[in-house]
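Novice: what's the 3D shape of this:
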Amino acid sequence: ASLLSRTGTIILTGCGISQTITVTQAGATFSASSLSFMVGNQEGQVQLDLTSECCAWQINSNNPNWLSANPDDGTGSATVFISFDENLSVNVRPGTLTLTSCDGVTQVIAVEQAGVNPVLNVNPTHLDLGAGTGSENIEVTGNCNDWTISGAPAWLTVIPSNGNGDKTVALIYTANPNCTDRTATLLLSGCNITKEITVNQVGEVVFAASPSFVYVGSGAGSTSFGLSGNCDGWAISGGTPIVTSIFPASGNSLPQNIQINFSANPDSSERTVMLTVTCCGETYEVTVTQAGIVSITATPGLVICPGQTTQLCASPGSAYEWSNGQTSQCVTVGLQGTYSVTVTNANGTSAPSVLQVGSGARLHPDVKGHPDSVLMLFYPVGRHPAALVHISLQAPDNAGFVGIRVDLGFGCLQRGAKFIPDENLM
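Specialist: Numbering: from 1, shown residues only. Prediction:
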């Protein structure tokens with residue numbers, strides 16, 4: 001049988017006459033109920049009805065891995081089932097079968113199978129990172145075969161940033177140099193689906209004062225210390241009564257050199273105050289310690305009588321340096337002059353002190369009176385009379401000297417005086 005019609009002729013001859021008789025025979029009929037099918041992603045089959053008048057036919061799948069016909073050949077009319085496997089992809093997949101009928105005539109049966117609904121997920125969708133360097137993983141899952149992650153800032157690296165299906169993605173981050181938090185929003189996109197991933201990295205306050213313990217001398221003056229760190233806003237307060245001014249007392253960036261002026265310490269003991277530094281909401285302290293006044297005491301006094309000495313003692317410290325080269329707390333001197341000492345305390349602060357030591361003049365008395373009471377005039381050498389003192393005397397010794405036990409404070413009293421009676425003064 002053929003699908004094509006055919007024509008034949010018959011010649012009728014008689015009585016010298018001929019005629020041609022034409023005969024046309026129709027071709028066999030062959031038809032398919034449909035040459036195009038649209039099916040879902042699930043496994044299944046569709047029915048194809050073939051109508052034929054004793055015509056042989058054959059169906060061959062061009063996608064045998066998932067598309068087939070049963071039966072795939074026959075003669076005459078038949079019902080054929082076209083079977084297809086599940087489409088696990090989100091993409092539509094096309095398939096074809098070739099239907100060959102009588103006389104080798106071919107027709108194409110097209111099958112279009114839908115993809116599965118796309119699924120794209122990520123876990124977690126929010127990450128909190130520490131201030132330092134590190135990495136965290138996120139899991140991308142689903143059947144999307146073409147996804148990308150975008151929106152990463154310079155401090156965040158995404159590996160890999162694209163892929164298909166399920167993947168473990170590493171987020172590698174650098175240390176946060178700021179004292180405030182920083183945030184990035186990553187976008188996972190694919191198969192017309194978008195997911196957000198929020199990454200927050202905490203800030204960490206970095207701050208240092210150098211030095212954080214400031215030691216100053218007892219006198220008024222100024223000194224400085226440095227601030228460093230990542231504060232984007234800072235301020236300094238406090239310090240009274242030692243610190244009288246701070247410059248600068250606030251700012252928006254570091255490092256910064258800070259100068260402080262301080263008043264003199266009126267006491268011999270050291271004193272301490274705190275400067276408070278606020279930085280990114282945190283509070284820090286700088287300790288300022290001022291040395292006490294260094295004093296020198298003289299025992300028995302500041303006047304050195306001939307042949308005598310006095311002891312000079314500095315206020316307590318950890319080290320001493322006297323102008324005469326000695327290094328003890330107390331020194332003994334026998335000569336008049338200016339003596340100075342520098343006292344260094346345990347924290348290394350040094351403070352000087354100066355003391356003038358004088359030489360007492362020997363007083364030469366003229367004694368006039370009687371053994372029980374005497375009026376004495378004392379003459380410093382080369383000067384006018386220094387004092388007129390009425391004193392009681394002890395009885396003279398065998399040599400005619402009396403003992404005198406009076407210290408006038410401004411000179412050196414001669415230990416003995418010759419008793420010279422003068423009744424005219426009585």
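
Novice: and residue 280, how far from residue 34?
Specialist: Computed as C-beta to C-beta, to the nearest Å, the residue 280 to residue 34 distance reads 74 Å. Where you see a C-beta, it was placed from the backbone N, CA and C, and this is true even at glycine.

Novice: repeat that for residue 63.
Specialist: Taking C-beta to C-beta as the measure, residue 63 falls 18 Å from residue 34.

Novice: so between residue 280 and residue 34, which is more surrounded?
Specialist: Between residue 280 and residue 34, counted using other C-beta atoms under 10 Å, residue 280 has the larger neighbour count: 18 against 12.

Novice: what sits closest to that one if chain neighbours are left out?
Specialist: Once flanking residues are discounted, residue 280 sits nearest to residue 179: 3.6 Å by C-beta to C-beta, 6 or more residues apart in numbering.

Novice: so that neighbour touches residue 231, yeah?
Specialist: Yes. The pair residue 179 and residue 231 passes the contact test of C-beta atoms under 8 Å, sitting 6.0 Å apart.

Novice: ok, and the closest non-adjacent residue to residue 213?
Specialist: Spatial nearest neighbour of residue 213, chain neighbours left out: residue 287 (4.8 Å); criterion: C-beta to C-beta, 6+ apart.

Novice: and the helix or strand where the one you found lies, C-alpha only, in PDB?
Specialist: Assigned by DSSP states H and E, residue 287 falls within strand 282-290. The C-alpha trace of strand 282-290 is given here as PDB (Å, rounded to 0.1, in the frame of the first residue of the first chain):
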ATOM      1  CA  GLU A 282      34.200  53.100  76.100                       C
ATOM      2  CA  THR A 283      36.000  54.800  79.000                       C
ATOM      3  CA  TYR A 284      39.700  54.800  79.700                       C
ATOM      4  CA  GLU A 285      41.900  56.500  82.300                       C
ATOM      5  CA  VAL A 286      45.300  58.300  82.200                       C
ATOM      6  CA  THR A 287      46.900  58.600  85.600                       C
ATOM      7  CA  VAL A 288      48.800  61.900  86.400                       C
ATOM      8  CA  THR A 289      51.000  61.800  89.500                       C
ATOM      9  CA  GLN A 290      52.800  64.900  90.700                       C
END
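
Novice: run through who's touching the next helix or strand after it.
Specialist: For strand 282-290, the following helix or strand on the C-terminal side (DSSP H and E) is strand 296-299. The contact list for strand 296-299 (C-beta atoms under 8 Å, 6 or more residues apart in numbering) reads 310-315, 339, 341, 353-355, 357.

Novice: ok, whichever helix or strand comes after strand 296-299: who's next to it in the sheet?
Specialist: The helix or strand immediately downstream of strand 296-299 is strand 303-304, counting by DSSP H and E. Strand 303-304 sits in its sheet next to strand 350-359 (parallel), going by DSSP bridges.

Novice: any residues touching the strand it pairs with, and which ones?
Specialist: Contacts with strand 350-359, where a contact means C-beta under 8 Å, 6+ apart, come from 217-219, 291-296, 298, 302-306, 310, 312, 314-315, 333, 335-344.

Novice: which regions of the stretch 101-250 of the chain sit below the pLDDT cut-off?
Specialist: Under the criterion pLDDT under 70, no range of the stretch 101-250 of the chain is flagged.

Novice: can you say which of the contacts of strand 350-359 are buried?
Specialist: Buried subset of the contacts of strand 350-359 (neighbour count, 16 or more other C-beta atoms under 10 Å): 217-218, 291-294, 296, 298, 302-305, 310, 312, 314-315, 333, 339, 341-344.

Novice: okay, buried residues for the strand holding residue 287 please.
Specialist: Residues of strand 282-290 classed as buried by neighbour count (16+ other C-beta under 10 Å): 284, 286, 288-290.

Novice: got it, and stretch 256-268?
Specialist: Buried residues in stretch 256-268, defined by neighbour count with 16+ other C-beta under 10 Å: 256, 258, 260, 262, 265.

Novice: you'd agree residue 58 is in a strand?
Specialist: Yes. Note on residue 58: a strand contains this position according to DSSP: H, G, I helix; E, B strand; the rest coil.

Novice: excluding sequence neighbours, find me the nearest residue to it.
Specialist: In this structure, residue 58 finds its nearest non-sequential neighbour in residue 73, 4.2 Å apart by C-beta to C-beta, 6+ apart.

Novice: you'd agree the one you found is up against residue 55?
Specialist: No. Residue 73 is beyond contact range of residue 55, at 11.7 Å (criterion: C-beta under 8 Å).
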